[in-house]
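S.K.: What shape does this take:
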Amino acid sequence: MNPKIFVGAAVGVFAVVIAVVAFSGQNFINDVSDDGLFFSGETNRQVIPISIELDDISIIEVNERAATIEVSFKITNPNYKSVILQLLKYQLFENGTRIHIGEIGERPEGMVTSSNYFTLLSDTSLILSDKATIKNSGNSPELWEALSNNSAKWKILGEANFNLSSMTSGGENEITFEFEK
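M.R.: As a prediction, this is how the structure comes out:
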C-alpha cells in the first residue's frame, strides 16, 4: 500500500479532532473545580478564596529605644489548582493605635523585572512572616509598658491579592481579613 494514504488519513483524523474541539463550545480542561479535568462548558469556574489565619504575633526584643515584633500568617489554598499569592498587606494595631503597616510580596505593575510572590500548591499551606521594628518616641509610655510586659492587645486588618497560576482562568482575586489577639 501507498504510505501517502496513511499520512493523509492521519492528517484528516487530526483535522476532524481539532474542528470538533474548536467548534463544540466545550472546555475540555477544568483546573478549578472538584469535578476533575473534564467538564461541560456551561459549568462556571469558581475560584475558592484562600484561607488566611493569624499564626502568631511575637515580641522578639524590647529595649528603651526600639521593639521588634514578628507577625506570622498561615495561608491555605483550597483550590484544585495552584494559586499565586502576589501581595499580603496588613495594619498592626495595639489597643486601637496603629503601630505598623506591613507588606509581604508585591503586585506586578507594568514591566515586571523580578517576581516577589508565593506559589501555593493545591490543598497546601504556607507560613509567611514579617518583622517590624518600632522606635520608642517617648510619646506613648502605655504602649511601651504593654510591649515590655507582653500584655499588648493586638488587632490586625489586612487584604491579600491572589490569582490562579493559569493566566487564562480565575482572574485577579482579593480577600480581606481581621484578627484580634
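
S.K.: residue ranges of the strands in this structure, please?
M.R.: Assigned by DSSP state E, the strands in the chain fall at 51-62, 66-76, 83-94, 97-105, 118-120, 125-135, 154-164, 172-180.

S.K.: Quickly, which of the ones you listed bottoms out on average pLDDT?
M.R.: Mean pLDDT across the strands of the chain is lowest at strand 118-120; the value there is a mean of 90.

S.K.: Pull up the pairing partners for that one, direction included.
M.R.: Here strand 118-120 has these sheet partners by DSSP bridges: strand 83-94 (antiparallel).

S.K.: Tell me the buried residues in the partner strand?
M.R.: By neighbour count on 16 or more other Cβ atoms under 10 Å, the buried set for strand 83-94 is Val83, Ile84, Leu85, Gln86, Leu87, Leu88, Lys89, Tyr90, Leu92, Phe93, Glu94. (Each C-beta comes from the backbone N, C-alpha and C, glycine too.)

S.K.: chain center to it: distance?
M.R.: Its chain's C-alpha centre and that of strand 83-94 lie 9 Å apart, by Cα atoms, centre = their mean, to the nearest Å.

S.K.: Also compute the angle for that strand relative to strand 66-76, please.
M.R.: 140 degrees (axes from the mean of the first three to the mean of the last three Cα atoms, to 10 degrees).

S.K.: Direction-wise, compare strand 83-94 with strand 51-62 and give the angle.
M.R.: If you take the same axes, to 10 degrees, strand 83-94 sits at 50 degrees to strand 51-62.

S.K.: Quick one: neighbours of the nearest residue to Asp130 once chain neighbours are set aside, just the number.
M.R.: Leaving out its chain neighbours, the residue that sits closest to Asp130 by Cβ to Cβ, 6 or more residues apart in numbering is Gly102, at 4.7 Å. Residues contacting Gly102 under the criterion other Cβ atoms under 10 Å number 16.

S.K.: give the contact list for Gly102.
M.R.: By Cβ atoms under 8 Å, 6 or more residues apart in numbering, the contact list for Gly102 reads Val71, Lys89, Tyr90, Gln91, Leu92, Asp130, Ala132.

S.K.: Repeat the analysis, applying 7 Å as the threshold.
M.R.: Val71, Tyr90, Leu92, Asp130, Ala132 (Cβ atoms under 7 Å, 6 or more residues apart in numbering).

S.K.: Now the second one. Nearest residue, chain neighbours left out?
M.R.: So that's Tyr90. Leaving out its chain neighbours, the residue that sits closest to Tyr90 by Cβ to Cβ, 6+ apart is Gly158, at 3.3 Å.

S.K.: so what's that neighbour bridging to?
M.R.: Tyr90, Phe177.

S.K.: Fine by me, we can end here.
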